[in-house]
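1. Below is the sequence, then the predicted model.
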Amino acid sequence: MMKFRTLPSKMNNVQFMEKFGGIYEHSPWVAKRAWQSGIAKEHDNIEVLAALMERIVDEAEEPLKWKLIAAHPDLAGKAVVKGELTAASSSEQSGAGLGDCSPEEFAAFEKYNTAYKSKFGFPFIMAVKNSNRHDILAGFEKRLQNSKEKEFETALTEINKIAFFRLAEI
């Protein structure tokens, strides 16, 4: 198991929220509920804290899950161009090479983002760490075939993967 450098069990509420409040995109309620559930020595392990946060998301009210999904930016979308991404999202998208898209690839991302949102009503979400723009475009093509229910669950799964990667970076 991987341990945090700064141990969550030694933090007060303010420190915990400063460190973990941004793990879930624009959704500090996940860290707040984690804190409220009680942070113990076992949560000093990244995998244990990640599992707690994932359980909190899984057990959340459906409207809150929808807000969590909606809080995510489009991949290689307008927020990238305008510089409006969170630092974590910007780093993740840059690491996947989304800043290196050709004009044709950028147009493909725009087309897929529009088609995906039109079909499902929320942005395409994929944990892009260890992926590249070609993998992501292929993911769009594959997942556009899914039902809305399947994509809702897939989006939450991907969000939890993103959270784990972000926790591991701390």
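-> Perfect, I can see it now.

2. residue ranges with poor pLDDT in the chain?
-> Judged by pLDDT under 70, the chain has its weakly predicted residues at 76-85, 89-98.

3. domain parsing for it?
-> Per automatic domain parsing, the domain ranges recorded for the chain read 8-61, 67-169.

4. Out of those, which is closest to Met1?
-> With C-beta to C-beta as the criterion, Met1 lies closest to domain 8-61 of the domains of the chain, at 4.3 Å. Just so you know, the C-beta spots here come from the backbone N, C-alpha and C atoms, and that holds for glycine as well.

5. Does the closest residue to Phe164 other than its chain neighbours fall in a helix, a strand, or a coil region?
-> Among residues not flanking Phe164 along the chain, Ala50 sits closest, at 4.6 Å (C-beta to C-beta, 6 or more residues apart in numbering). Counting by DSSP: H, G, I helix; E, B strand; the rest coil, the backbone at Ala50 sits in helix.

6. neighbours around Ala50, how many?
-> Look at Ala50: counted by other C-beta atoms under 10 Å, it has 21 neighbours.

7. contacting residues for it?
-> 160, 163-164, 167 (C-beta atoms under 8 Å, 6 or more residues apart in numbering).

8. Hmm, Val128 is touching Ile136, no?
-> Yes: using C-beta atoms under 8 Å, Val128 makes contact with Ile136 at a distance of 6.1 Å.

9. Quick check on the two: which one has the bigger neighbour count.
-> Neighbours were counted for Val128 and for Ile136 using other C-beta under 10 Å; Val128 has more, 25 against 22.

10. quick one: that one and Ala115, what's the gap?
-> Val128 sits at a distance of 19 Å from Ala115 (criterion: C-beta to C-beta, to the nearest Å).

11. can you check Ile170 too?
-> Ile170 sits 35 Å away from Ala115 when distances are taken as C-beta to C-beta.

12. Ser131 too?
-> Distance from Ser131 to Ala115, by C-beta to C-beta: 20 Å.

13. Ranking by neighbours, what's the top pick from the contacts of Ala50?
-> Ala163 (24 neighbours).

14. how about the helices in this protein?
-> With DSSP state H, the ranges of helices along the chain come out as 13-20, 29-37, 46-59, 62-70, 78-82, 87-95, 103-120, 133-143, 148-169.

15. Relative to Phe4, which of these is closest?
-> Per C-beta to C-beta, nearest to Phe4 of the helices of the chain: helix 46-59, 6.3 Å.

16. returning to that earlier point: Throw the helices of the chain into a markdown table and include distance to Phe4, thanks.
-> Shown next, in a markdown table, are the helices of the chain (distance: least, C-beta to C-beta, whole Å):
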| stretch | distance to Phe4 |
| --- | --- |
| helix 13-20 | 9 |
| helix 29-37 | 13 |
| helix 46-59 | 6 |
| helix 62-70 | 23 |
| helix 78-82 | 29 |
| helix 87-95 | 16 |
| helix 103-120 | 34 |
| helix 133-143 | 29 |
| helix 148-169 | 8 |
